[in-house]
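K.L.:
Kindly return the folded structure for what I paste below:
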Amino acid sequence: MPARTAAAREQSVRAALDTVYDPELDEPITDLGFVRSVTTAPGGKLTVHLRLPTSFCSPNFAYLMASDAKDALTALPWTREVVVLLDDHHDSDLINRGLAADAGYRGTFGAEAEKDLEALRLTFRRKAHAAAMERVLTLVLRADPGLTEEDLHGVVLGDLPDTATTHALLRRREALGLGTAPTDPVLVDEEGRRYPPGEIPLRLRFARSIRVSIDGNAHFCRGLLRTRYPQSAADQSPRAAEPYAAEPCAEQLFPLAAPPKENVS
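P.N.:
Numbers count the residues shown, from 1 in each chain. Coordinates of the predicted model:
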């Protein structure tokens, strides 16, 4: 295979894997350093090895990422045989056999697969949306000190600046099937319904707790991966600069209140 063709194919592989997200951390597996190696061969054969921060990472998360990676790579027009292998996990053999046989999650784990992965995927998409919404709205509040939290009830997508943070929110809304028109409200629940103004401080604080949890887990898992595989540091992309470094603590921005009665994550 000519060097130019091989390089172009590897670039297309990396771009495809950019679309595969860790469901819990809400970041591409490429940015996290989870892609260990990519090998292309004549005839359209492709082999990708994945690695995770620990050997005991949740098997359903591990399978979901490996399966999504195989689907994304199989969709490339030049691939004829795609092999995705998960390395050094306590269920590596089981997961790799299931992927090779296209057995699906239930076919791979059998009786251990209590629930379908789509329910898990939906839960984490909702969490990712809540976190992305909180990031955007915190920036809106900080950009206009005269704006109150209750005023966010009237903020629509068209009011948001053209930034990566806004684009990230739009992607997560699309994943949930929520509206992305300029006139659609920003602060909504997972069904796209506006919150009453009186609930906004509480809902923001709850969304903020989700965002802090996701960000904290992402930092922790990146560090674990570098500890387990020191060479992985070169494969991790720096996290996008957070606009929160100098922000007040959560209690200052969102006064203490009882948690919502229903789970809106």
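K.L.:
Just the endpoints, please. Distance across stretch 194-206?
P.N.:
15 Å (C-alpha to C-alpha, to the nearest Å).
K.L.:
again but with stretch 93-111, I slipped
P.N.:
Note: stretch 93-111 ends 17 Å apart using C-alpha to C-alpha.
K.L.:
contacts for it?
P.N.:
59-60, 62-64, 66-67, 70, 83-86, 89, 113, 116-117 (C-beta atoms under 8 Å, 6 or more residues apart in numbering). The way it works is simple: take the backbone N, C-alpha and C, and place the C-beta from them, glycine included.
K.L.:
again, 7 Å this time
P.N.:
The contact list for stretch 93-111 (C-beta atoms under 7 Å, 6 or more residues apart in numbering) reads 62-63, 66-67, 70, 84-86, 89, 113, 117.
K.L.:
List phi and psi for Leu85.
P.N.:
Main-chain dihedrals, Leu85, degrees, to the nearest 10: phi -120, psi 130.
K.L.:
All the helices of the stretch 101-250 of the chain, residue numbers only.
P.N.:
Using DSSP state H, counting those that start in this stretch, the helices of the stretch 101-250 of the chain run over 104-109, 117-143, 164-176, 200-228, 250-253.
K.L.:
Report the contact partners of the nearest residue to Leu137 once chain neighbours are set aside.
P.N.:
Closest residue in space to Leu137, ignoring its immediate chain neighbours: Leu152 at 5.6 Å, by C-beta to C-beta, 6 or more residues apart in numbering. The contact partners of Leu152, by C-beta under 7 Å, 6+ apart, come to 137, 140, 187, 200.
K.L.:
remind me which residues of the stretch 151-265 of the chain are low pLDDT?
P.N.:
Low-confidence segments of the stretch 151-265 of the chain (pLDDT under 70): 240-265.
K.L.:
The stretch 1-150 of the chain too?
P.N.:
1-4, 114-115.
K.L.:
90 instead, please
P.N.:
1-8, 10, 42, 106, 110-120 (pLDDT under 90).
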